[in-house]
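# Give the three-dimensional model of this entry:
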Amino acid sequence: MMLLPLLYGIIAGVVLTLVVWILKKQGYSKATNVYTLATLVLGVLIVAYGYTVVRGFEGFAYFLLGTPIVLFSIITIIITTISNAKKHQSI
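Residues are numbered from 1 along each chain as shown. As a prediction, the model looks like this:
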């Protein structure tokens, strides 16, 4: 039961990656950067809220929810940066 927030965070991260992939396929490269940065900020805020306000086991659940979102956001930022660099390099 305690790992349920972790599962929710992983699902949110996978959805993030899929949405960014769809947006890049349609040609919205600037929207992907804004979307991933907003998600990164949201994940950090979830972790900070769980650590400073909620605390205890419930705060740890917020940490388990926010950490995968932050990790998927960082991975998505790296992937979009590399793909944008390759796209501009070939022109």
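# Count the residues that sit near the nearest residue to residue 51 once chain neighbours are set aside.
Distances taken as CB to CB, 6 or more residues apart in numbering put residue 59 closest to residue 51, at 5.9 Å, once the chain neighbours are dropped. In short, each C-beta sits where N, CA and C put it, glycine included. Counted by other CB atoms under 10 Å, the residues lying close to residue 59 total 16.
# Touching, residue 59 and residue 46? I think so.
No: the criterion here is CB atoms under 8 Å, and residue 59 misses it with residue 46 at 10.5 Å.
# Contact partners for the residue nearest to residue 51?
Residue 59 makes contact with 50-51, 53, according to CB atoms under 8 Å, 6 or more residues apart in numbering.
# Please apply the same query to residue 26.
Listed by CB under 8 Å, 6+ apart, residue 26 has no contact partners.
# Would you report the backbone torsion angles of it?
Phi and psi for residue 26, reported as degrees, to the nearest 10, are phi -90, psi 0.
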